[in-house]
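Enquirer: Provide a 3D model corresponding to the input given below.
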Amino acid sequence: MPSSIESAESPSSLGIFEGTSEIGLTVHRGGLEFDPSEASYTVSGSGENMWFGSDEFFFVWKKVSGDQALSADISFFGEGKHYHRKACLLVRQDLTPESVYADAALHGDGLASLQYRDEVGKTTHDIQSNIVAPSRVRVEKIGQTVTMSVSTPNDEMTYSGGAVNLPIEGDYYIGIGVCSHDRNEVETAIFKNVVLEELNRSDSDLSLFSSLETVAIASTDRRVVLVLNQHFEAPNWTPDGRDLIYNSNGLLFRIPVAGGLPKQIPTGFAVRCNNDHGISPDGTLIVISDQSQAPHQSIIYTLPIEGGTPTRITENFPSFWHGWSPDGQTLAYCAQREGKYGIFTIPVGGGSETRLTSTDGLDDGPDYAPDGSKIIFNSDRTGKMQIWSMNCDGTNLTQITFDDYNNWFGHISPNAKWMVFLTYGPDVKGHPPDKDVMLRLMSLETGEITVLAKLFGGQGTINVPSWSPDSSRVAFVSYQYR
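Expert: Take a look at the predicted model:
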């Protein structure tokens, strides 16, 4: 039995498109009505879902190559039978149900998400926009990068955040589709003011966008909290689970996890804060690493979580904070002393620092285990950067990860079941920005490592602790030039 059914239509009935297909084994045939006066396409389709390892939906397409964008005003006809019925703008390698693809999908309940399958027959993932029920949607493919843009309540088009890289090569299909999310039902969507355009952009046209996201460890679904046309970094999750704190342009900002407007946290003279900051276990203090004061190298301070005048903790510099002991009494940090980087600790009220590690390479990113028994850090002492642990006095050094990647910034979940860390490719030195990276998750029970997210990022993505208090999600930052 064929996996897709193509139908030939007269060119006048297809508008800018070339053909229609039933993708997967749909029960009911879909349909298309084209109104040239409004560039309007009324599309009906059935299908169980566009998810997991294969899809069922009705697809109206054009075969193209190169960089392309497709935009449309989208609305559903009638109330519908399922809140997850989908009307989509798609880019798809082929017409098989298991194809690599991405789509900008508007759901029946108003959810707008960038859905994608990055390997043939593998599970679909999605990145959910923080804008609900947009009236206009756009999908772009530039090189192997696919992005979604959506209309705001003010009818301005904005990048939705969370771009994906897909192995779509040569000729591919772009078009519009409908899935009823119930194979026994047929749903209808109307696509108006449909525009398909070939893109021709140079690097000089591009600017940086940062996306603050969360990812669920159970499903790997990503949710965009904030997108800005500027650089920001390193989210911390507040102990009450309500807010995220991040840094941008030397300052700290706080934003609800549910989305909204970020608010600056007053930090007094400290206006050159870097991405090494965090929150005390009791939620009353923020620790920062700032280089505002002479000699303008990173120094660790604490201040009230609502903002205020910083209190200096480390006399020596440079010092880059990374971990706070669960009892609230000790800070762990990376520092350079006498030409060597290592892991140090210091009482939270200041005083003498204690050096825990010394190596000719680099030890970095110390964070405490939830029970305070261990410090997790990353080290290149065996060649590649890998995740290690040690006792809090620096004894019993134990390597945790063993692979050909470079692994940074391991953080154990509050329930002590998982460790998340940032992974660079085998040839990447240090932890630079603007790289294709992965967030990976290790089960501390089995040692199994899985991929939470693939993204463009690196420095600033997940330097510091960013687990939700209930251990269900991780916050991070992805980047995109567009």
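Enquirer: CA atoms for contacts and neighbours, from now on please.
Expert: OK.
Enquirer: Give me the pLDDT value at residue 313.
Expert: pLDDT, residue 313: 98.
Enquirer: Excluding chain neighbours, what is closest to it?
Expert: For residue 313, ignoring the flanking residues on the chain, the nearest one in space by C-alpha to C-alpha, 6 or more residues apart in numbering is residue 350 at 4.5 Å.
Enquirer: Quick check, the one you found in contact with residue 314.
Expert: Yes. With contact defined as C-alpha atoms under 8 Å, residue 350 and residue 314 form a contacting pair (6.4 Å).
Enquirer: Name the residues that touch the longest strand along the chain?
Expert: Longest among the strand segments of the chain by residue count, using DSSP state E, is strand 187-198. Contacts to strand 187-198, defined as C-alpha atoms under 8 Å, 6 or more residues apart in numbering, come from residues 16, 38-46, 66-78, 80, 85, 87, 178-180.
Enquirer: Are any of the residues you listed buried, and if so which?
Expert: Among the contacts of strand 187-198, those that count as buried by neighbour count (16 or more other C-alpha atoms under 10 Å) are 16, 40-46, 67-76, 80, 85, 87, 178-180.
Enquirer: mind listing what the residue nearest to residue 313 touches?
Expert: Going by C-alpha under 8 Å, 6+ apart, residue 350 touches 312-314.
Enquirer: Need the buried ones from the residues you listed selected in ChimeraX.
Expert: Entered in ChimeraX, the line below selects the buried ones among these, by 16+ other C-alpha under 10 Å:
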select :312,313,314
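Enquirer: Tell me the one of the contacts of residue 350 nearest residue 299?
Expert: Within the contacts of residue 350, proximity to residue 299 (C-alpha to C-alpha) peaks at residue 314, which comes in at 6.1 Å.
Enquirer: The closest one in helix, strand or coil?
Expert: When classified by DSSP: H, G, I helix; E, B strand; the rest coil, residue 314 comes out as coil.
Enquirer: Ignoring the adjacent residues along the chain, who's closest to it?
Expert: residue 300 (5.5 Å).
Enquirer: what does residue 244 give?
Expert: residue 237 (4.7 Å).
Enquirer: Would you mind listing the buried residues in stretch 99-113?
Expert: Buried residues in stretch 99-113, counting neighbours by 16+ other C-alpha under 10 Å, are found at 99-108, 110-113.
Enquirer: scratch that, stretch 143-163 is what I was asking about
Expert: By 16+ other C-alpha under 10 Å, the buried positions in stretch 143-163 come out as 145-152, 157-163.
Enquirer: cool, and stretch 126-136?
Expert: Using 16+ other C-alpha under 10 Å as the test for burial, stretch 126-136 gives 126-136.
Enquirer: Is it possible to get a markdown table of those that adds distance to residue 435, secondary structure and pLDDT?
Expert: What follows is the buried residues of stretch 126-136, written out as a markdown table (distance: C-alpha to C-alpha, whole Å; DSSP: H, G, I helix; E, B strand; the rest coil; pLDDT from 0 to 100):
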| residue | distance to residue 435 | secondary structure | pLDDT |
| --- | --- | --- | --- |
| 126 | 21 | strand | 96 |
| 127 | 19 | strand | 98 |
| 128 | 22 | strand | 97 |
| 129 | 23 | coil | 97 |
| 130 | 25 | coil | 95 |
| 131 | 27 | coil | 96 |
| 132 | 30 | coil | 96 |
| 133 | 32 | coil | 96 |
| 134 | 31 | coil | 97 |
| 135 | 33 | coil | 96 |
| 136 | 31 | strand | 98 |
